[in-house]
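Enquirer: Compute the structure for the input listed below.
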Amino acid sequence: MTDKRKVRKAVFPVAGLGTRFLPATKAVPKEMLTVVDKPVIQYVVDEALDAGIEHLIFVTGRNKGVIEDYFDIQTELEQTLKERNKNAELTLLAEILPKAGTTSFTRQQAPLGLGHAVWCARDIVGDEPFAVLLPDMIMRSEKGCLKGMVELYEQSGGNVLAVEECAPEQAHKYGIVGVGDAVGDGFKITAMVEKPPAGTAPSNFFINGRYILQPEIFGILETQERGAGNEIQLTDGMLKLAKQQQFAGYHFRGETYDCGMKEGFILANVAFALSRGDIRPGVEDQLKALMAALK
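Expert: Numbers count the residues shown, from 1 in each chain. Model prediction:
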């Protein structure tokens with residue numbers, strides 16, 4: 001299939017419980033934990049908007065109302081900022097506010113897996129290609145990951161997955177793809193294997209949490225049996241879709257921080273702090289002093 005309809009909508013599955021960050025996530029959604037001075041979800045939304053996404057679809061769960069509030073006007077806060085002549089802060093709030101009618105929120109009532117979360121967005125997405133961005137994954141590069149994927153999609157059509165290289169001995173930890181012929185600026189995906197046994201992986205390219213999918217995936221997910229973890233797995237649905245449609249791989253060359261893990265979250269804070277000219281000097285000096293003290 002070479003469907004090249006514009007990718008206008010993006011799905012963000014934000015219903016996860018964030019148990020790795022308890023007790024913080026007892027009251028604060030993990031997606032709202034801050035990397036320097038922005039919540040994790042803002043970095044992912046910015047990546048989507050930079051890629052030309054026009055409509056943001058959040059698949060939420062219980063206790064995630066703060067995400068909806070974050071992407072709305074805070075009347076009392078803005079009034080206070082106006083009274084105090086905090087113009088820079090007002091400008092910042094205006095810049096991150098989505099345009100009216102460009103965000104949608106739907107509930108995933110039960111934690112039935114990523115495939116089920118994507119399926120919950122079916123009526124909002126409709127019959128058109130769409131992107132999926134895992135909200136834990138913050139990516140940094142000269143060209144945004146999803147932007148590069150959209151450019152490849154415009155060449156190849158079909159479905160596009162972003163992939164990165166890992167050490168071959170680590171391939172058993174990831175969803176791995178097989179590498180075929182070149183297509184556009186990427187390659188045809190010949191296989192998808194979730195956490196292959198050591199020594200059996202078809203390559204060392206792993207799926208990194210960014211997808212462009214055709215709407216036919218919804219019909220597959222609707223009847224998808226539960227897989228690993230007794231959940232409806234998106235990978236299982238994509239394997240079935242791959243029998244009907246082409247999948248291409250976009251090789252992302254940049255930095256990825258898994259903010260669903262404590263180590264990745266801390267590294268993201270350090271990396272983004274060091275990239276900020278306004279706070280780097282103090283942070284860098286303190287880090288050097290800390291490392292010296294730990295030796």
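Enquirer: Which residue ranges of the chain form strands?
Expert: Taking DSSP state E to define them, one finds strands in the chain at 9-13, 34-35, 38-39, 55-60, 103-107, 130-133, 137-140, 159-165, 175-183, 186-194, 205-213, 247-251, 255-258.
Enquirer: doesn't A162 make contact with F247?
Expert: No: using CB atoms under 8 Å, F247 is not in contact with A162; the gap is 11.7 Å. C-betas here are computed from N, CA, C, even on glycine.
Enquirer: ok so, going back, the strands of the chain: which one's closest to G148?
Expert: Distances from G148 to each of those were compared using CB to CB; the minimum, 5.6 Å, belongs to strand 247-251.
Enquirer: Need the residues that contact that closest one.
Expert: Around strand 247-251, the neighbours that count as contacts under CB atoms under 8 Å, 6 or more residues apart in numbering are 145, 148-149, 152-153, 156, 158-165, 177, 179, 183-189, 192, 205, 210, 238, 241.
Enquirer: buried sites along it?
Expert: Within strand 247-251, the residues that count as buried by 16 or more other CB atoms under 10 Å are 247-250.
Enquirer: report the longest helix in the chain, please.
Expert: Ranked by residue count, the top helix of the chain under DSSP state H comes out as helix 280-294.
Enquirer: quick one, what contacts I207?
Expert: For I207, the residues meeting the contact criterion (CB under 8 Å, 6+ apart) are 161-163, 174-177, 192, 235.
Enquirer: Would you convert these into TSV that also reports neighbour count and distance to T34?
Expert: Converted to TSV, the contacts of I207 look like this (neighbours: other CB atoms under 10 Å; distance: CB to CB, whole Å):
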residue	neighbour count	distance to T34
L161	26	29
A162	26	25
V163	26	28
Y174	20	27
G175	21	29
I176	24	32
V177	25	33
M192	18	34
T235	17	30
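Enquirer: Looking at those, which one is closest to R276?
Expert: Checking the contacts of I207 against R276 by CB to CB gives A162 as the nearest, at 25.7 Å.
Enquirer: What confidence value was assigned to the closest one?
Expert: What the model reports for A162 is a pLDDT of 96.
Enquirer: Same question for G227.
Expert: So G227 comes in at 68 (pLDDT).
Enquirer: G148 now?
Expert: 95.
Enquirer: Distance of it relative to Q214?
Expert: 19 Å (CB to CB, to the nearest Å).
Enquirer: just to revisit the earlier point, quick check: of the buried residues of strand 247-251, which lies closest to T102?
Expert: Within those, proximity to T102 (CB to CB) peaks at Y250, which comes in at 24.8 Å.
Enquirer: Return the set of residues that bridge with the closest one.
Expert: According to DSSP bridges, the residues that bridge with Y250 are A162.
Enquirer: Quick check, F205 in contact with Q170.
Expert: No: look at F205 against Q170 with CB under 8 Å: they stay out of range, at 11.9 Å.
Enquirer: Looking at those two, which one has more neighbours?
Expert: A side-by-side neighbour count of F205 and Q170, using other CB atoms under 10 Å, places F205 first with 25 against 12.
Enquirer: quick one: that one and Q214, what's the gap?
Expert: 21 Å.
Enquirer: can you pull the contacts of the residue nearest to G178 when sequence neighbours are not counted?
Expert: Excluding its sequence neighbours, the residue lying closest to G178 (CB to CB, 6 or more residues apart in numbering) is A191, at 3.3 Å. The neighbours of A191, taking CB under 8 Å, 6+ apart as the test, are 177-178, 202.
Enquirer: With adjacent residues omitted, what lies nearest to W119?
Expert: The shortest distance from W119 to any residue other than its chain neighbours is 4.1 Å, reached at L221 (CB to CB, 6+ apart).
Enquirer: now A110
Expert: Excluding the flanking residues, the one nearest A110 by CB to CB, 6+ apart is H116, at 7.8 Å.
Enquirer: My guess is that neighbour contacts T223. True?
Expert: No: using CB under 8 Å as the test, H116 is too far from T223 to be in contact (11.9 Å).
Enquirer: between those two, who's got more neighbours?
Expert: Using other CB under 10 Å as the criterion, H116 and T223 rank with H116 on top: 24 against 9.
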